[in-house]
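> sequence plus the predicted model coming up.
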Amino acid sequence: HTLATSLYPQPELALAGAVALVGTITGRKVTDAYRTRTNVYVLGLGLSGAGKEHARSVNKELLIRGQAEKLIGSERVGSHAGIVTTIHDQPATLMQLDEMGRLLETMKDPRKAPHLFNCITVLMQLYSSSGTIWKADAYADAKKVKTIDQPHLCIYGTATPDSFWHSLSTDNIAEGLIGRLLVFEGRGYEVEMQSPSSDAPPQTVIDAIRWWQEYRPGGGNLSSEHPQPKKAPHTPEADDRFLGHIKAINARRIKEHPLRAAVWSRSGEKVAKLALIHACSRSRCLPETITREDVDWGIRLGNWLTRRLLAGCANHVSENETEAKSKRILNMIPPQGITTNALTRRTQWLRSRERDELLRDLLACGLIVMEQCQTKTRPKTLLKRAPRKRQKSVNSSMTN
């Protein structure tokens with residue numbers, strides 16, 4: 001439905017919005033044998049005007065039509081206390097945030113916005129506390145301390161690729177925020193414009209949302225305050241497949257650099273969430289079991305997202321300003337190469353001496369090569385990216 005009603009259909013971003021929606025409506029109502037919950041932090045990357053906003057609009061329309069409007073959370077973050085208040089008042093909430101890149105950039109620097117600096121800490125704690133009780137900041141007046149039973153925050157954020165990647169640092173990766181994100185990348189301006197359908201959302205989807213909204217696990221008067229999620233068991237084949245994946249991830253992260261291992265460490269948890277979300281979506285109500293099909297889907301999607309995330313970090317995330325400038329230059333070099341004159345025009349924000357030093361470093365590291373090309377008038381120098389097998393790490397283990 002999202003693709004059919006979009007002016008610029010973006011399949012990856014449509015899937016991203018759907019994952020966030022199903023994760024929200026099933027919140028605090030279903031789990032598995034590993035105490036997995038369906039709270040997810042999803043991020044859709046798309047160029048400006050390329051159609052990344054449409055999935056967010058569809059999600060709001062579906063929740064309203066499914067009589068689940070109360071699940072629609074704030075679309076802006078004012079402070080970490082605001083996030084806490086939102087989840088305290090409505091423990092299962094979908095926050096759909098635009099310009100996530102700018103928000104993450106602001107959150108990481110206490111000098112720019114001290115009221116937002118603690119948001120990252122709160123988001124990570126809420127993510128990991130979805131199956132238990134979470135207590136907010138301590139105050140002298142104990143009555144002001146907010147306690148949330150099984151907080152279930154889902155986020156569907158959107159951002160342009162440049163703003164997102166430039167907002168990240170190696171600290172974000174090491175502390176675990178990036179490992180918690182499901183980052184979907186849109187197809188940019190490559191998608192063809194279409195005449196969007198004006199059809200109403202499928203009634204089967206609305207009915208499914210309404211079913212989940214009315215479902216009260218555990219029963220009793222306290223089911224909304226202290227729900228007892230229904231457990232969906234794995235089939236034997238699904239359990240073997242999932243445990244095999246977890247063992248493979250554990251073996252892999254032992255050999256990886258700590259930054260890469262920090263991202264892979266969250267892969268198993270994300271796969272469990274995706275498999276449970278897939279099972280709920282497939283059943284349109286409470287699933288009887290989590291099947292091998294559900295786990296396979298979660299593993300394929302989870303691994304793909306993790307590899308894409310690591311590749312993006314290797315290309316963009318830096319430990320210092322010099323490395324950031326080096327990677328920015330490297331990303332300006334197209335596959336067919338670029339002349340030194342053209343690169344100079346694109347990097348006028350650099351001083352001539354600094355540009356020359358950065359290019360020498362890239363050449364010494366084997367990340368670029370320099371070729372002489374003969375033209376009708378005079379030879380010109382062409383800079384190209386080195387073949388991948390020749391590339392070496394440039395001040396960052398994430399490049400390996």
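Structure's in. What do you need?
> report the rounded mean pLDDT for the helix ranked longest in the chain.
The longest helix of the chain (DSSP state H) is helix 292-316. The average pLDDT within helix 292-316 is 93.
> end to end on stretch 212-228, go ahead and measure it.
14 Å (CA to CA, to the nearest Å).
> no no, stretch 311-326
Rule used - CA to CA; the end-to-end distance of stretch 311-326 is 16 Å.
> show me where the stretch 151-300 of the chain dips below the pLDDT cut-off.
Scanning the stretch 151-300 of the chain for pLDDT under 70 picks out 219-223.
> please enumerate the helices of it.
161-166, 170-175, 177-180, 203-214, 236-255, 258-265, 267-283, 292-316 (DSSP state H, counting those that start in this stretch).
> and of these, who's closest to Thr347?
helix 161-166 (15.7 Å; CB to CB). Yep, even glycine has a C-beta here, placed from its N, CA and C like the rest.
> mind listing what's buried along the closest one?
By neighbour count on 16 or more other CB atoms under 10 Å, the buried set for helix 161-166 is 161, 163-166.
> and stretch 307-315, by the same measure?
Neighbour-count burial for stretch 307-315 [16+ other CB under 10 Å]: 309-310, 312-314.
> please apply the same query to stretch 169-176.
169-170, 172-173, 176.
> closest to Leu153 among those residues?
Gly176 (15.7 Å).
> how about low-confidence regions in the stretch 1-150 of the chain?
The stretch 1-150 of the chain contains no residues with pLDDT under 70.
> where along it do the helices fall?
11-25, 54-65, 80-89, 100-107, 119-128.
> hang on, the earlier thing: would CSV of the buried residues of stretch 307-315 with distance to Arg378 be doable?
Below are those laid out as CSV (distance: CB to CB, whole Å):
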residue, distance to Arg378
Leu309, 44
Leu310, 43
Gly312, 39
Cys313, 41
Ala314, 37
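> angle of the longest helix of the chain against helix 267-283?
Here helix 292-316 runs at an angle of 130 degrees relative to helix 267-283 (axes from the mean of the first three to the mean of the last three CA atoms, to 10 degrees).
> I'd like to know how many residues surround Arg180.
Arg180 has 18 neighbours, counted by other CB atoms under 10 Å.
> what do you get for Ala208?
The burial count for Ala208: 20, using other CB under 10 Å.
> ok, back up a step: which two among the buried residues of helix 161-166 are spaced furthest apart?
Pro161 and His166 (9.2 Å).
> of the helices of the stretch 151-300 of the chain, which is nearest Glu190?
Checking the helices of the stretch 151-300 of the chain against Glu190 by CB to CB gives helix 161-166 as the closest, at 13.5 Å.
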